[in-house]
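J.: Take a look and give me a structure for this.
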Amino acid sequence: MSPGSPFRDHPTTRGSGQPQRGEHGTVTLEAVLIYPLVLLIAWIGMQLALVYLANRVALASAEEGSRAARSRTGTITAGEQRAHRYLGVLGTGLLASPTIRIVRNADTVTVQVSGQAQRIVPGFPVHVTQAVHSPTERFRAISRGFANSELPLAANRRAGAGR
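T.: From the prediction side, this is the model:
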């Protein structure tokens with residue numbers, strides 16, 4: 001207790017710097033409650049980052065598969081191979097057990113990539129699905145010089161010859 005202290009009747013510490021009676025165990029209580037909460041928040045943040053990266057990898061893989069499958073000479077097999085190759089390069093460790101589904105018809109191609117993101121927080125949902133829908137490439141002949149291009153070629157010649 002110093003002579004200039006405003007609290008002469010209530011010393012804050014006893015003898016060698018030990019806390020008063022009411023402060024025993026506060027450090028233990030902080031360690032038991034606060035530290036696990038901070039670690040859980042950090043783990044959830046890392047889990048969200050892994051889910052985001054897995055989504056991006058699945059989307060990029062679906063886009064690559066779509067590029068290969070939608071070309072004029074493209075096939076479903078070529079799209080699956082390109083998507084698997086892309087997943088092998090980028091998705092190793094991010095997207096576990098990926099599945100690729102491609103549907104191609106005359107007008108469109110749909111590529112869906114799904115899988116499981118890596119899990120570090122137990123019980124956190126980590127299923128990832130991305131789909132890309134794009135038109136197929138087709139070449140169409142340009143109709144030139146005919147007023148009614150839906151008529152057969154011979155009918156168009158006769159219609160133009162009478163003028």
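J.: centre of the chain versus the lengthiest helix in the chain, how much separation?
T.: Among the elements of the chain assigned as helix by DSSP state H, the one spanning the most residues is helix 26-70. Centroid separation for helix 26-70 versus its chain: 11 Å, with CA atoms, centre = their mean, to the nearest Å.
J.: try stretch 93-107
T.: The gap between where stretch 93-107 is centred and where its chain is centred comes out at 14 Å by CA atoms, centre = their mean.
J.: Do you know the pLDDT at the closest residue in space to Phe139 that isn't next to it in sequence?
T.: Spatial nearest neighbour of Phe139, excluding adjacent residues (CB to CB, 6 or more residues apart in numbering): Arg72 at 6.8 Å. All C-beta atoms are positioned from the backbone trio N, CA, C, and that covers glycine. At Arg72, the model reports a pLDDT of 85.
J.: Tell me the spacing between Arg72 and Gln47.
T.: Between Arg72 and Gln47 the computed distance is 42 Å (CB to CB, to the nearest Å).
J.: Which one's more surrounded, the two?
T.: Neighbours per residue, other CB atoms under 10 Å: of Arg72 and Gln47, the larger number sits with Gln47, 18 against 8.
J.: I'd guessed His84 sits against Ile100; true?
T.: Yes: between His84 and Ile100 a contact is recorded at 6.6 Å, counting by CB atoms under 8 Å.
J.: Comparing the two, which residue is more hemmed in?
T.: Set His84 next to Ile100 and count neighbours by other CB under 10 Å: Ile100 wins out with 22 against 17.
J.: Run through the bridge partners of that one.
T.: Using DSSP bridges, the beta-bridge partners of Ile100 come out as Val113.
J.: Can you give me the distance of it to Gln118?
T.: Using CB to CB, which is the criterion applied here, Ile100 is 19 Å from Gln118.
J.: looking at this protein, which helix or strand is least sure?
T.: Evaluated with mean pLDDT, DSSP states H and E, the helix-and-strand set of the chain has its lowest mean pLDDT in helix 153-161, which scores a mean of 54.
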